[in-house]
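Student: Starting from these lines, generate the structure:
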Amino acid sequence: MSPTSNPKKPSDTASMLEELVKLDYAAIEAYDAAVKRLKDAESKRQLSDFRNDHQRHTQNLGKFIKQAGKDVPTGPGLKQILTKGKVVLADISGDTAILKAMKSNEDDTNAAYERALGHEGISAELRDTLRENLEDERRHRSWIERRITQL
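Tutor: Numbers count the residues shown, from 1 in each chain. Below you'll find the model as predicted:
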């Protein structure tokens, strides 16, 4: 296979990471919208912490994008329409609906990180970072699922 037709070349890895960073920025905006709309203090506090995890993900993935000679995205692009929009629409139905919207968003980020971990040819350091970020995403989703049943 020629270097130009290899689907696992470094620029493909950088593109995949850019999409993850945009998704994390979209999650940040969705968490901001959720925290603003939630009435439950415990959910607000926990979702604020999860937002900070997503902020950290943009930074730890950004390092690898820079190493590939690419510019790190600084926002979500069009992804925010889906992620934040779910939360805004759920606002009319209360805290449980908002948390269900956030769970749907976490389903998306979990799936994206799982796909990224399946990307061939990534460094051990990047694989470890992706795995740690996925662990955060799974923890977020699990907490949200539990909280929905408690409200």
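Student: The one residue sitting closest to the centre of the chain: which element?
Tutor: Here the mean C-alpha position of the chain is nearest to the C-alpha of Asp24 (Cα atoms, centre = their mean), at a distance of 3.5 Å. According to DSSP states H and E, Asp24 maps onto helix 10-37.
Student: what sits up against the helix or strand bottoming out on mean pLDDT in the chain?
Tutor: Taking all helices and strands of the chain together, the one with the lowest average confidence (mean pLDDT, DSSP states H and E) is helix 79-90, at a mean of 77. Identification of contacts with helix 79-90 by Cβ atoms under 8 Å, 6 or more residues apart in numbering yields 22-23, 25-27, 29-30, 33-34, 37, 76, 97-98, 100-102, 104-105, 108. Just so you know, the C-beta spots here come from the backbone N, C-alpha and C atoms, and that holds for glycine as well.
Student: Let's see that with 10 Å instead.
Tutor: Helix 79-90 is contacted from outside by 19, 22-38, 73, 76, 96-106, 108-109, using Cβ atoms under 10 Å, 6 or more residues apart in numbering.
Student: again with stretch 58-78
Tutor: With Cβ under 10 Å, 6+ apart, stretch 58-78 has contacts from 10-30, 79, 82-84, 116, 122-123, 125-126, 129-130, 132-133.
Student: Go again with 7 Å.
Tutor: When contacts are taken as Cβ atoms under 7 Å, 6 or more residues apart in numbering, the neighbours of stretch 58-78 outside the stretch itself are 10-11, 13-14, 17-18, 20-22, 24-26, 29, 126, 129.
Student: That one - what's its average pLDDT?
Tutor: When pLDDT is averaged along stretch 58-78, the result is 96.
Student: ok, and for that stretch, which residues are buried?
Tutor: 58, 61-62, 64-65, 70, 72-73, 76 (16 or more other Cβ atoms under 10 Å).
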